[in-house]
Every structure is written in structure tokens, then in C-alpha cells.
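Student: whatever this is, show me its structure:
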Amino acid sequence: MHFTTRRCLSLRHVFYLYTFLLFICALIFLSTSLANQDGWNLFSLFQGYELTQAEIESGTGQLAQDDARLMRHISEKYLIPPSPKGVQAGVDWTPVHLTNKFEQQEVSRFIIDLFKNKNGGTFIECGANDGEFFSNTMLLEEKYGWTGLLVESDPRPLKKLMIRNRAAWIAECCLSTGSQPQKMEFLRHDRDEGLSFIPGKRHFIGNEADYYSFDAQCFPLYSILSAINMTTVDFFSIDIEGAELDVLKTIPWDKVLIKKKMGLRL
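Tutor: Sure thing, here's the model as predicted:
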């Protein structure tokens, strides 16, 4: 009797062990089959837990660029929707930098010719400043009904950008130079409206004492685009004082279609 009981227990243990091994083999097979998917690994099956703001923004959470938690965080904390009044209504088109009017008109004319007066296109402008100062997209929006994404992390021009009421998404952040979110230090010229940069990415113009530093939260461009569901872009203008190539390297080009790119300091 005791022998029969012990034998049944032993067979039951073998069955449990066999079932457990089958489960592990299935997980390994699934991990191998899906290994080519961005950000997927064996442990991603258990990654439904929430992360703190610090874990997300520091990159220690090691999230895929299109992870739902990262996109939700960007949407809730750093994105301002386009003007609800429509593409052109309610936007302040009043020029505030008249001394640069002619120079910027030449750039705008080149861009318009590049797209052959295309209507209703989409753009990204990184280094958007106040939305008008040397803007490469404002005329596309005003005259041809374009919309898109404006990225600006400097608090001073950002305030002016927000009240301009552009018909485009505004991202209150900078673009990561790696595949994870990160905090970065910037230097800002005390008087020059268009000059802020990452230390070491470009030289000082004028007196170094005229610059002050500020910290900005950065996210991968693809994460921001995924958050607003915009992965096809007609025109990408990137002017971030020497960090352009680092940002371009973070983009998964198999998932984003950018038809034309223009960088001023590549």
C-alpha cells in the first residue's frame, strides 16, 4: 500500500516536471521565432508592469521605442495637440523677426520649389524655436495647409511657440541621441534667439560667459512619431547644432518613411 502511494507520487512529480519542461521549450521556441522583432525578448511576455516616471525618462526601463508605456508617457506629459481651430484659422502669422525676412524667404522658396507647391503635406521640424524665427515649415503650413510635428526643448522660445497656435503637434522635449530616453544638458546664448546646443557638439560664438545651461528631457524621434501615429513624413527639417547625425542614427528606417530631409549642420 505504501509502495503504491509512493509510486503514484513519483509518477505525478515526473508528469509535473515533464509539463514544466514543455512550457520552457515552448517559450524558448517563441523567443527564437520572434527574435527579429524590435525590442522583443523572452522576458517581454512579463513586461506589462508599469514603470515610474524616473525609470521611463532615464532610459533605465530599457523600453522599445514604440513601447505603449513610453508612448503614453510622452503623450500625457510632453505633447501639445495642433490648434483645434483648423489648419490655418487662429494661427498668429505676424512676423516678429523682420530683419531676417529676406534670408528666410530664400530658404522657404527653395523648400516650396522642392515640393512643387504640394498641398496638405506633413513635416517634422526639430529646432522649431518660436515657430517663426528661421522656420522652415511655417510657410508650408500657412500657404499650403501642411501640418506635422514641431520639436523644441528650450523653455524661452517654447513659450512663444505655444502662443503662436501653430496647426501642428508640439513636443516639449529634445530628441535623444540614442535609442533610449535621456536627460541632456544644453547651453543657451543669453541674447541670440536661435542658438542653443549640446556642449561639445559645436563651438561657442562670441563670449563663453554669455551662455547659460539648462537641462532638457529627450526622447527618441520614433517614440514621439509613434505617440502621434505619424510614421510617413514628407519633409524633415533638423537643425540642432551638430547632433543631427546622432539623431538620424536612432531612427528605425524600416518603420518610418521620410521622403525628404534637410539638415543645416550635418
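Student: hey, which helix or strand in the chain has the poorest pLDDT?
Tutor: Taking mean pLDDT, DSSP states H and E as the measure, the chain has strand 196-197 as its least confident helix or strand, at a mean of 58.
Student: immediately after that one, which helix or strand?
Tutor: Note on strand 196-197: by DSSP states H and E, the next helix or strand toward the C-terminus is strand 211-219.
Student: who touches that next one?
Tutor: 57, 70, 74, 78, 153-155, 171, 173-177, 181-190, 199, 204 (CB atoms under 8 Å, 6 or more residues apart in numbering). The way it works is simple: take the backbone N, C-alpha and C, and place the C-beta from them, glycine included.
Student: show me where this protein has its strands.
Tutor: Along the chain, counting by DSSP state E, strands occupy 79-80, 122-126, 147-151, 169-171, 174-175, 182-189, 196-197, 211-219, 232-238, 257-263.
Student: among these, which gets the worst mean confidence?
Tutor: Note on the strands of the chain: lowest mean pLDDT is at strand 196-197, with a mean of 58.
Student: show me where pLDDT drops low in the stretch 51-200 of the chain?
Tutor: Residues of the stretch 51-200 of the chain meeting the criterion pLDDT under 70: 84-105, 188-200.
Student: still on that earlier bit, most packed of the strands of the chain?
Tutor: Most buried of the strands of the chain by mean neighbour count (mean count of other CB atoms under 10 Å) is strand 174-175; its value is a mean of 27.
Student: which residues touch it?
Tutor: Applying CB under 8 Å, 6+ apart, the contact partners of strand 174-175 are 126, 151, 153, 184, 186, 216-221, 224, 240, 243, 247, 250.
Student: in its sheet, what does it sit against?
Tutor: strand 211-219 (parallel) (DSSP bridges).
Student: give me the angle between the strand it pairs with and strand 182-189.
Tutor: Here strand 211-219 runs at an angle of 150 degrees relative to strand 182-189 (axes from the mean of the first three to the mean of the last three CA atoms, to 10 degrees).
Student: tell me what angle strand 211-219 forms with strand 147-151.
Tutor: Calculated by the same axes, to 10 degrees, strand 211-219 forms an angle of 130 degrees with strand 147-151.
Student: just the CA coordinates of strand 211-219, formatted as CSV?
Tutor: Extracted in CSV, the C-alpha atoms of strand 211-219 (Å, rounded to 0.1, in the frame of the first residue of the first chain):
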residue,chain,number,x,y,z
TYR,A,211,25.9,81.3,-22.3
TYR,A,212,23.9,79.6,-19.6
SER,A,213,23.0,75.9,-19.2
PHE,A,214,19.6,74.2,-18.9
ASP,A,215,18.6,70.5,-18.7
ALA,A,216,16.0,69.0,-21.1
GLN,A,217,14.2,65.7,-21.4
CYS,A,218,14.9,63.9,-24.6
PHE,A,219,13.1,61.0,-26.3
